[in-house]
Structure formats: C-alpha cells, structure tokens
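Asks: here is the input, now give the coordinates:
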Amino acid sequence: MNIHPAIYLLILVYPTVSITAETERLINIRDTYPSVSPDSKQLVFQSNRSGSNQLYIMDLETKQTRALTDMQSGAETPVFSPDGQNIVFAAYVDEGNNDVFVMKKDGSDIKRLTFGPGYDGHPHWSTDGTRIVFNSDRTTPDPEASWNERWHEIFSIKTDSSDLRKHTRCRAVCTYGSLSPDGTKVLYRKVTRTSGLDWGLRSIEKNSEIFIAEADGTHEINLSNNAAFDGWPVFSPDGKQIAFASNRTGPALTGQIWLVNPDGSGLRQLSDNSWSHVQPAWSHDGRNIYAYQHKETATEEFGSIVRISAD
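Replies: Numbering: from 1, shown residues only. Alright, predicted model coming up:
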C-alpha cells in the first residue's frame, strides 16, 4: 500500500504516561472535533477539560486557548462558517433533545436554529454559508426506540431556521451529513443492516459506511464498501476528495484517515501511526487535515488535535 508521508504537528500536547500496574491515569482529557478558520489562524474544538464537553478556540500562532461556551448541558461538534465569523454547533437542551445552535466566533450571540423534540446533531455549513446541514431523527416512525434503532436522515435549513429540506431517504442511521461545494451532492455516514465490524473489530450485524448521493438522496453510492467501521466523512474545499476515518487496518479501537474521490476511485491511506486518527477537517486551502489523535482502551480515552499534510 502506498501510504502518504504525512507530517504531524501536535497542537495540544499531553505528557506521555506508561500505563502499568503501578500507575493510574487520573485525567483523560479529550480535545476533539477540530475546525479551522478560513484564514487558518484559529482552531475551534470540543473538549472535556472543564469536566463537561464545551467549545474552545485557539490562536494557532500563539497557542493561546480560551473557552467559548459554558452551557449547563455542554456543547459539541463546532464548525467555522465559510466567512469565519460564526460557529455552528450542537447541544442538549434537555434530556433526549439535542438541537443545533450558531454563535459568533467570540462565543457571543448564541442562537438556537432547530427545535426538538428528538436528536438534531453534527451540523455543517454549505459552502456559500446560507444553509446548515445536520442529521435528525424527526421523521423516525418510533421516537421511543433506542437512538441506534431510529431513522436518522440528513436535513438542511437556512440560517434563519426556514426552508427545511430533507436530503436522504435512509430509513436507517445516517449522520455527519454535508453538501458538496457545488451543492449537488450529499455526503454522509450510513449504518447498514449487513454484517460488519464495530470500532473494537468485533463482528456485528450492522456496518458503518460512507455514502454519497444526489442532493435529493437519489443515486446513492457506497464509497467505503468495507466491513470495518467507516465514519466522519467530509469534502475537500474543491470537492475533488473526501476524507474519512476507518479502522480497517486495525488494531481494535484505532482508526486512520483515508482519502477517496467522490466516484469511489483513488482510495488511499493518509495517516499511519500507532495513535488513532478520526474526525478529519480540511484547511481552507486543502493542503492540511486537522484530526483528533487519541489512544483508546476499553476503560479510557485521551487525545488531542493534530495537523496532517494532505499534499
């Protein structure tokens, strides 16, 4: 396999600790879901460093970091707007009700865009900044079913919460949706009812795959087509490549970043490291990918944000 010689730059540094019978990790900090500003000067991310998931922003030159949110229920999965002035994210309003919000990049002027009940999450911007794409279980036939048994479809709305559009007809768990830069395609992760492997590489009767379709959900194509867990897909800024994470090369609980063309050709592995790499996010110029690099066991998980060359 031809593996790209990726260049790693650790953005948030953690001390290396050997886990032995005589040591115990007391703090498992997870800095996750990175998104870089269009000018590549700031990084917004989700972290549990305060004791709950909140959003933080970092100056990539000075490495100074500050909190953007202090929401009682926490906040998650932030994404910079195409103009760099706003950040969209998701948060629980109350038990079982997750909604989409937008705020200015300094953390002010928080506005709620979706209104439950149910789960609305993993928001992304359209390239022109006029729409927010998210997954929602609002059309599931049984809202009392467990989260994994509901129908989660990909929707989008305008930034004033109007003009709701449904982009998929999955009738399954479809999450992490986004539109292609030209708006003609929808990209998402879909859980199929076929035999596959979970994140721990155990055999299960479901499979997580990467799909692309027309913006109305027709002509669906499976891009990953592997028994392993594939997730977190995202278009490159020019729409010519798709980055996603997969644990197909193992070991258990360890994923790497892969690239594939929108027609399913050109599959190649980008990251190759003993650490796991997931949740890829492109820089505006398409030259770098930011990802969550972490170690995970059955009982703990900790990690930080890295930058990987995509050239």
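Asks: ok, residue 232 touching residue 247?
Replies: No - shown here, residue 232 and residue 247 do not form a contact pair, counting by Cβ atoms under 8 Å, at 11.6 Å. Heads up, the C-betas are built off the backbone N, CA and C, glycines and all.
Asks: could you list the low-pLDDT ranges of the stretch 201-311 of the chain?
Replies: Along the stretch 201-311 of the chain, no part satisfies pLDDT under 70.
Asks: can you give me the strands for the stretch 51-200 of the chain?
Replies: Shown for the stretch 51-200 of the chain, the strands assigned by DSSP state E, counting those that start in this stretch span residues 54-59, 65-67, 76-80, 86-94, 97-104, 111-112, 120-125, 131-136, 153-158, 165-166, 173-179, 185-192, 196-197.
Asks: tabulate those strands in CSV, adding columns for mean pLDDT, mean neighbour count and distance to residue 268.
Replies: Shown next, in CSV, are the strands of the stretch 51-200 of the chain (pLDDT from 0 to 100; neighbours: other Cβ atoms under 10 Å; distance: least, Cβ to Cβ, whole Å):
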stretch, mean pLDDT, mean neighbour count, distance to residue 268
strand 54-59, 98, 20, 29
strand 65-67, 98, 13, 33
strand 76-80, 98, 23, 25
strand 86-94, 96, 21, 30
strand 97-104, 97, 20, 33
strand 111-112, 98, 13, 40
strand 120-125, 98, 25, 23
strand 131-136, 98, 25, 26
strand 153-158, 98, 23, 26
strand 165-166, 98, 14, 33
strand 173-179, 98, 24, 21
strand 185-192, 98, 23, 18
strand 196-197, 98, 20, 21
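Asks: burial of residue 295, as a residue count?
Replies: 17 (other Cβ atoms under 10 Å).
Asks: could you check the pLDDT of residue 22?
Replies: Note for residue 22: predicted pLDDT of 71.
Asks: which SS class is it?
Replies: Of the three states, residue 22 takes coil under DSSP: H, G, I helix; E, B strand; the rest coil.
Asks: how much space between it and residue 69?
Replies: Distance of residue 22 to residue 69, given as Cβ to Cβ, to the nearest Å: 38 Å.
Asks: go on, residue 79?
Replies: In terms of Cβ to Cβ, residue 79 sits 14 Å off from residue 69.
Asks: with residue 136 instead?
Replies: From residue 136 to residue 69 the distance is 22 Å (Cβ to Cβ).
Asks: same deal with residue 107?
Replies: Taking Cβ to Cβ, one finds residue 107 at 6 Å from residue 69.
Asks: next, show the common contact partners of residue 79 and residue 69.
Replies: Here residue 79 and residue 69 share the contacting residues residue 89, scored by Cβ atoms under 8 Å, 6 or more residues apart in numbering.
Asks: and the pLDDT at residue 12?
Replies: 50.
Asks: my bad, should have said residue 96
Replies: You'll see residue 96 listed with a pLDDT of 85.
Asks: list the contacts for it?
Replies: 116, 117, 118, 119.
Asks: I'd say the second one and residue 143 touch.
Replies: Translated: residue 117. Yes - counting by Cβ under 8 Å, residue 117 touches residue 143, with 7.1 Å between them.
Asks: ok, back up a step: tabulate the strands of the stretch 51-200 of the chain in JSON lines, adding columns for distance to residue 212.
Replies: As requested, the strands of the stretch 51-200 of the chain are exported to JSON lines (distance: least, Cβ to Cβ, whole Å):
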{"stretch": "strand 54-59", "distance to residue 212": "29"}
{"stretch": "strand 65-67", "distance to residue 212": "35"}
{"stretch": "strand 76-80", "distance to residue 212": "19"}
{"stretch": "strand 86-94", "distance to residue 212": "22"}
{"stretch": "strand 97-104", "distance to residue 212": "22"}
{"stretch": "strand 111-112", "distance to residue 212": "30"}
{"stretch": "strand 120-125", "distance to residue 212": "14"}
{"stretch": "strand 131-136", "distance to residue 212": "13"}
{"stretch": "strand 153-158", "distance to residue 212": "11"}
{"stretch": "strand 165-166", "distance to residue 212": "17"}
{"stretch": "strand 173-179", "distance to residue 212": "10"}
{"stretch": "strand 185-192", "distance to residue 212": "5"}
{"stretch": "strand 196-197", "distance to residue 212": "19"}
